[in-house]
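Visitor: The sequence and its predicted three-dimensional model are supplied below.
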Amino acid sequence: MKPFTVRLRFHGDLNIFLRSGSRDRIIDRQIAEKTSIKDVIESCGVPHPEVDLILVDEQVVGFDQTLASDAEVDVFPVVNADTNRTEKRLQTIGIYSFVTDGHLGGLTRNMRLIGFDVAYDRGADDRQLLAVMVRQNRALLTRDRRLLMHAIVQHGYYPRSQNPDEQTIEVIRRFDLTELIAPFTRCLRCNAVLEEADKAEIMDKLEPLTKIYYDQFRRCPDCKQIYWSGSHFPKLQKRIEEILSRAQDKA
Ligand SMILES: [Zn+2]
């Protein structure tokens, strides 16, 4: 077939995925065979779970749209939930459980601290991560772009920052989680939902001063870790409040 040219314009922060010389510019791709729009977009470095809206010659299309002749393409990122979303958007916002790759231990801990269900296994390989993602219908959080581009990934996000608190703010915004935050309800070590624990029952596991000063305890039903609002608590609470107020700050 006759070679053709696809002119792509990436909007908003999708530009971070492009090579530095291509950012905020029109990218021309010469193509010699029928190709899906998804493959053309990913060939520029942008993982499909980051793409929320595609226009080909000003028409809204899906990922499987094939290109066979010259076209102008506009590609838009997921925007905060308060903007008007049409039914044609490609990404879902209402996903509340996640799987993180082995490099995101800090983000995982933060997300659990504010009550979210995050599967994490530091030693898991890519195949295992993807299996957990599919089986438990979780969104994949990873800074491995290749992994995010895997065809079976439906929902996912690439944290822009390398700082766990910043990453937490990003994820809350991306998946619109502010209303669902429930601090101190989940085990930081193993992700299980905590239960109230009767002090008398756990007495033998407590340090002497903890026995004296605290009366309310929670326990993880799986790993048996005991939690209480000890001296570290005000500091944690302050951190959570900071993360929350920044996540809600749309400016
Ligand atoms: Zn636990």
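Guide: Great, that's in hand.
Visitor: And the closest residue to the ion within the stretch 1-150 of the chain, which helix or strand is it part of?
Guide: The nearest approach of the stretch 1-150 of the chain to the ion comes at Arg112, 9.5 Å away (CB to the ion). All C-beta spots, glycine's among them, are computed from the backbone N, C-alpha and C. In this assignment (DSSP states H and E), Arg112 forms part of helix 105-113.
Visitor: name the helices or strands packed onto that helix?
Guide: Helices and strands touching helix 105-113, by 3 or more CB pairs under 8 Å, 6 or more residues apart in numbering; DSSP states H and E, are strand 97-100, strand 117-120, helix 164-174, helix 233-248.
Visitor: Of those, which is nearest Glu42?
Guide: Glu42 sits nearest to helix 164-174 of all the helices and strands packed on helix 105-113, at 19.2 Å, using CB to CB.
Visitor: list the helices and strands the closest one packs on?
Guide: For helix 164-174, the packing partners by 3+ CB pairs under 8 Å, 6+ apart come out as helix 105-113, strand 156-157, helix 233-248.
Visitor: now what about the last one, what contacts it?
Guide: It stands for helix 233-248. Outside of helix 233-248, the residues within contact range by CB atoms under 8 Å, 6 or more residues apart in numbering are 110, 113-114, 165, 168-169, 172-173, 177-178, 181, 183.
Visitor: How about the residues of the stretch 151-251 of the chain by the ion?
Guide: Within the stretch 151-251 of the chain, the positions near the ion by CB under 5 Å from the ion are 187, 189-190, 192, 220, 222-223, 225.
Visitor: Now, of these, which are buried?
Guide: Among those, those buried by neighbour count (16 or more other CB atoms under 10 Å) are 187, 192, 220.
Visitor: what residues are up against the second one?
Guide: By CB under 8 Å, 6+ apart, the contact list for Ala192 reads 186, 220-223.
Visitor: Secondary structure and pLDDT for those residues - can I get that in a markdown table?
Guide: Formatted as a markdown table, the contacts of Ala192 follow (DSSP: H, G, I helix; E, B strand; the rest coil; pLDDT from 0 to 100):
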| residue | secondary structure | pLDDT |
| --- | --- | --- |
| Arg186 | strand | 97 |
| Cys220 | coil | 97 |
| Pro221 | coil | 96 |
| Asp222 | coil | 97 |
| Cys223 | coil | 96 |
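Visitor: buried stuff in the helix or strand hosting Leu130?
Guide: Using DSSP H and E, Leu130 sits in helix 126-135. Across helix 126-135, burial judged by 16+ other CB under 10 Å covers 129-130, 132-133.
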